[in-house]
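The following comprises the amino acid sequence and a computationally predicted model.
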Amino acid sequence: MNMYLCINLTTDNWLTIISLVFVAVGGIFIYLQWHKSLKTRRAEFINQILEKLRFDEDLPKSMYIIDYNQGWYDGSFHTSDLEISIDKLFSYVDYICYLKATRNISSTEFKIFQYEIKRICVSDSTKNYLWNLYHFSMKNETTCSFQYLIDYGIDCKLFSNDFKKNKSLYPKTLNF
């Protein structure tokens, strides 16, 4: 009788162990499927951002102006239609910089957008415009609209280290 009880317990233990192995294998399979699905959704998200940046109706035109027209920021800028299109581009690029700063996209994913963002940041007109906006915002005690883009430019040494402190770095266009 005693021997039968030991065999029965051993059989129950083996069945429990086998069940746990199946559960673990199933759990691993579900995790791998979830992880694959997550990677696919991230790739689709990055592609949506890239498609808009490169093929939207307005953004590529603004990028072209920044790339090939170094003198686009002057006294007439704030009363022109160009301001709206440049602000649209900068808002979008600022969002991409925000995603990088908050680690919602990886450094590898960010490299896809790096060319456009660096081209924007090396433009003297961009620097002048963002510098004016930054100091205008500070005077009005608010955060600058394109703060993440500015921070990226400073962090990557595309903007001067004293970009935020020096109030005579560029010609003053806005009233601050």
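Everything's here; your move. Note that the structure is predicted; figures quoted are calculated from it, not measured.

Packing partners of the helix of greatest length in the chain?
Criterion DSSP state H: the longest helix present in the chain is helix 2-55. Here helix 2-55 touches helix 59-68, helix 81-101, helix 107-122, going by 3 or more Cβ pairs under 8 Å, 6 or more residues apart in numbering; DSSP states H and E. Every C-beta, even on glycine, is put in place using the N, C-alpha and C of the backbone.

most tightly surrounded among the ones you listed?
Ranked by mean neighbour count, the helices and strands packed on helix 2-55 are led by helix 81-101 with a mean of 18 (mean count of other Cβ atoms under 10 Å).

could you give me the average pLDDT of that one?
Averaged across helix 81-101, the pLDDT comes to 96.

could you say what helices and strands it packs with?
Looks like helix 81-101 contacts helix 2-55, helix 59-68, helix 107-122, helix 147-155 (3+ Cβ pairs under 8 Å, 6+ apart).

And the ones you listed: which comes nearest residue 89?
helix 59-68 (4.0 Å; Cβ to Cβ).

residues in contact with the closest one?
With contacts defined as Cβ atoms under 8 Å, 6 or more residues apart in numbering, helix 59-68 is touched by 52-54, 72, 82, 85-86, 88-89, 92, 116, 119-120, 123, 125-126.

which pair in the residues you listed spans the largest distance?
52 and 125 (22.8 Å).

Pick out whichever of the two has more residues nearby.
Between residue 52 and residue 125, residue 125 has the larger neighbour count (other Cβ atoms under 10 Å), namely 19 against 12.

Distance of the more buried one relative to residue 110?
24 Å (Cβ to Cβ, to the nearest Å).

so where's the protein uncertain?
1-9 (pLDDT under 70).

what about residue 175, is that helix, strand or coil?
coil (DSSP: H, G, I helix; E, B strand; the rest coil).

Surely it touches residue 136?
Yes - between residue 175 and residue 136 there is a contact at 7.3 Å, judged by Cβ atoms under 8 Å.

ok, the two, which is more surrounded?
More neighbours surround residue 136 than the other of residue 175 and residue 136, with 16 against 7 (other Cβ under 10 Å).

what does the strand or helix carrying that one contact?
Using DSSP states H and E, residue 136 sits within helix 124-139. Helix 124-139 is contacted from outside by 66, 69-73, 77, 86, 90, 120-121, 143-147, 149-150, 153, 159, 163-164, 167, 169-176, using Cβ under 8 Å, 6+ apart.
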